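Colleague: quick one: sequence and predicted model below, then my questions.
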Amino acid sequence: MENTLLVGLSRQMVLERQMDVVANNVANVNTNGFKADRSLFEQFLRSPAHEDNFQRPDRQVAFVQDRGTFKDFATGASEMTKNPLDVAIDGKGFLVVQTPAGERYTRDGNLQINNQGQLVTQSGYPVMGGSGPIVFQQTDKQITIAPDGNVTVLEGSNRIDSVRGKLRIVSFADAQKLVKDGGNLYSAGQGVAPQPDTTSRVNQGYVEKSNVNSVTEMSRMIEITRAYTQISALLQQQSDLHKSAIEKLAEVPA
């Protein structure tokens, strides 16, 4: 197969995978705390021909290769909900939640209380405090979550100020090693350990929205589609050129 076809096909394969990344970003534009993925590209040089009997040295052929993706941890916009259970993290920290597969981490602060009185995510996973899940009593009123994550309530008819726990906020030395685990959760990759985060602050009554810019991502979708179409047209032209050349060479002189 000629270099034109090889280079074109390699680019189309990369564009297809890039479209998957962009489409996933667009699908999560309204997911609280979602962090967009970005593609990384590099040049891949194919070694020259093995034969060395050319008048000029055979040049390497440059292909495009998607080396991988990285997570954009830029902070999304905060939206006021006035729900006392909602929290938005101002900083690089993550909430810790307990799942059947172990501890997971999230920026989605849209929380609720389950029928056992536990503070949980929308998926029903308990949000962890310094001493385990944060549990409320039926007589608790006026829940307050301080900027440092301390959770207090007014308890019973005597309206006594009581502490129910402190949100466990953690951060990571290299957050890029976190693995997206589905359900807007992250798991710690190999060699990654959470560290207590004392610098991030908690804003009660707010949620962090997705950091995906819908206009930018839709523009990328259009660019990818156009590039794919242009390469398809180029490959078709190359194929037609070969076909025409073969037909003419096959003609027997009269």
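Modeller: Sure, I can see it.

Colleague: touching, Lys166 and Asp148? I think so.
Modeller: Yes - at 7.3 Å, Lys166 counts as touching Asp148 under the criterion of Cβ atoms under 8 Å. For glycine as for every other residue, the C-beta is placed from the backbone atoms N, C-alpha and C.

Colleague: which of the two has more neighbours?
Modeller: Per other Cβ atoms under 10 Å, whichever of Lys166 and Asp148 has more neighbours is Lys166, with 18 against 12.

Colleague: pLDDT score assigned to Gly189?
Modeller: With respect to pLDDT, Gly189 has a value of 80.

Colleague: tell me who's in contact with the residue lying closest to it once chain neighbours are set aside.
Modeller: Leaving aside its chain neighbours, Gly189 sits nearest to Lys177 (4.1 Å; criterion: Cβ to Cβ, 6 or more residues apart in numbering). The contact partners of Lys177, taken as Cβ atoms under 8 Å, 6 or more residues apart in numbering, are Ala188, Gly189, Gln190, Gly191, Val192.

Colleague: can you read off the pLDDT for Lys177?
Modeller: Looking at Lys177, its pLDDT is 92.

Colleague: what is the mean pLDDT for whichever strand or helix holds Ile246?
Modeller: Using DSSP states H and E, the element containing Ile246 is helix 214-250. When pLDDT is averaged over helix 214-250, the result is 85.

Colleague: which residues in the chain form helices?
Modeller: Under the criterion DSSP state H, the chain contains helices at 3-27, 214-250.

Colleague: most neighbours per residue, which of the ones you listed?
Modeller: helix 3-27 (a mean of 16; mean count of other Cβ atoms under 10 Å).

Colleague: just checking, what packs against that helix?
Modeller: Helix 3-27 sits against strand 37-46, strand 61-71, helix 214-250, with contacts defined as 3 or more Cβ pairs under 8 Å, 6 or more residues apart in numbering; DSSP states H and E.

Colleague: which stretches of this protein have low pLDDT?
Modeller: Counting by pLDDT under 70, the ranges of the chain that qualify are 1-3, 41-63, 65, 67, 157-160, 250, 252-254.

Colleague: domains in this structure, as residue ranges please.
Modeller: Per automatic domain parsing, the structural domains of the chain span 3-73+212-250, 78-208.

Colleague: ranking the ones you listed by burial, who's on top?
Modeller: Comparing those by mean count of other Cβ under 10 Å gives domain 78-208 as most buried, with a mean of 17.

Colleague: just how off-centre is that domain within its chain?
Modeller: Centre-to-centre, domain 78-208 and its host chain are 20 Å apart (Cα atoms, centre = their mean, to the nearest Å).

Colleague: what's the first-to-last distance across it?
Modeller: Using Cα to Cα, to the nearest Å, the end-to-end distance of domain 78-208 comes out at 4 Å.

Colleague: ok, stretch 144-164 next?
Modeller: Stretch 144-164: ends 10 Å apart by Cα to Cα.

Colleague: could you find the closest non-adjacent residue to Asn83?
Modeller: Among residues not flanking Asn83 along the chain, Gly205 sits closest, at 6.4 Å (Cβ to Cβ, 6+ apart).
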